[in-house]
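> return a 3D structure for these sequence lines:
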Amino acid sequence: MTHSCLTCRPGPDSAIDYKTQIIQLPQRFRGPPASGNGGIATGLIACIGEKILGKPIHGISSRLLRPIPLASPMTFTSRITEPDTASISIGDSDGPALTGWASTGTSTAVMPNETVALLASNAALTKEKKDRFENHVEQLNPSSSDFAGCFVCGPEAEFGLRLRPRPVTDEISWLSWDPGERWTDNNRLALLPAIASLDCTAAIGFHREGHLTQQESALLGSFDATIIEKPPARIAGNLRLVARTRSRDRRKIFTDIGLFSATGQPYILGLATWIVVTPEKARGK
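Numbering: from 1, shown residues only. So this is what the prediction gives:
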């Protein structure tokens, strides 16, 4: 397989140099004001894994250990731990910032079939759900200004995805997404934006749903995903992001999220674990 990825070929989204094993995230890939986006960081695990293994990957896992440095060099190490799995660590002189693995195997799913079916059943909206989506008015919360420039969800991120799902039921958030030509990689949605799109889109309803108080915010702690196949970059009816906040257990919030076709065909399924922090901690203070 010829590896092609937006992060490692020349251009505005270049971030990985495989010759020097150096990663440097452009400022536009921020999440909180002072650090990199967690979904982008997880996407790096996917990109490096596909490069190292030389085949399309079908599973990834990342653990974010501290804020991801922006606009400063990091290095990565990788090793093949099994014939189909690569272990990856990314960090700098302060130590690892995130660790994870990528696999070409297809045996492990991140969520049960019942959860996949629930999410897929909301890919296409009934009239009632569509009305709820269109009539939703987003309320400001402690994270609104802090993440306004976030690459994934920030409405002020000029070069970002600007994905803002809205509720269509009491537990399901939804968005129709046309990624556009910029994120196309061999007629498919590139790995980096595909993985990143499932990051804060899974958390955008935490305050609305009552999982966070006005004195709390949340940062991505870990992300596991099953990549069934890379989604087509342009598809009839657009791609559909469908998310559900499953539960909160003390300082952890668990979410299920998927990227589907308009008819409910799953492309990528994700399980995110969020860590509850103060708004000051979230903004890097």
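> separation between the closest residue to P33 other than its chain neighbours and R164?
Of all residues beyond its chain neighbours, the one nearest P33 is R283 (5.1 Å), with distances taken as C-beta to C-beta, 6 or more residues apart in numbering. Every residue, glycine included, has its C-beta placed from N, CA and C. Look at R283 and R164: by C-beta to C-beta, to the nearest Å, they are 20 Å apart.
> for the residue nearest to P33, the count of nearby residues, please.
Neighbour count for R283, taken as other C-beta atoms under 10 Å: 18.
> if I read this right, it contacts A148, doesn't it?
No: under the criterion of C-beta atoms under 8 Å, R283 is not in contact with A148, lying 11.1 Å apart.
> if I follow the layout properly, A225 ends up in contact with G49?
No: under the criterion of C-beta under 8 Å, A225 makes no contact with G49, lying 11.3 Å away.
> comparing these two, which residue is more hemmed in?
More neighbours surround A225 than the other of A225 and G49, with 29 against 25 (other C-beta under 10 Å).
> just to revisit the earlier point, residues contacting the residue nearest to P33?
Taking C-beta atoms under 8 Å, 6 or more residues apart in numbering, we find R283 in contact with 32-34, 146.
> closest to L64 among those?
Taking C-beta to C-beta as the measure, L64 lies nearest P32 of the contacts of R283, at 11.5 Å.
> that closest one: neighbour count?
Counted with other C-beta under 10 Å, residues neighbouring P32 total 24.
> and the pLDDT at A236?
We have a pLDDT of 88 for A236.
> I meant to write H3 there.
For H3, the model assigns a pLDDT of 54.
> need the longest helix for this protein.
Assignment by DSSP state H gives helix 38-53 as the longest helix of the chain.
> show me what that one is packed against.
Other helices and strands packing on helix 38-53, by 3 or more C-beta pairs under 8 Å, 6 or more residues apart in numbering; DSSP states H and E, are strand 16-17, strand 59-64, strand 74-82, strand 85-92, strand 95-103, helix 191-196, strand 217-227.
> the first one: partners in the sheet, and parallel or antiparallel?
It refers to strand 16-17. With DSSP bridges as the test, strand 16-17 is paired with strand 22-23 (antiparallel).
> I'd like the average pLDDT over the partner strand.
Taken as a whole, strand 22-23 has an average pLDDT of 94.
> number of nearby residues for K19?
Residue neighbour count, defined by other C-beta under 10 Å, stands at 5 for K19.
> for the one 4 residues further on, same thing?
Neighbour count for I23, taken as other C-beta under 10 Å: 27.
> which residues touch the nearest residue to it once chain neighbours are set aside?
Excluding its sequence neighbours, the residue lying closest to I23 (C-beta to C-beta, 6+ apart) is M74, at 4.6 Å. Going by C-beta under 8 Å, 6+ apart, M74 touches 22-25, 90-92, 97.
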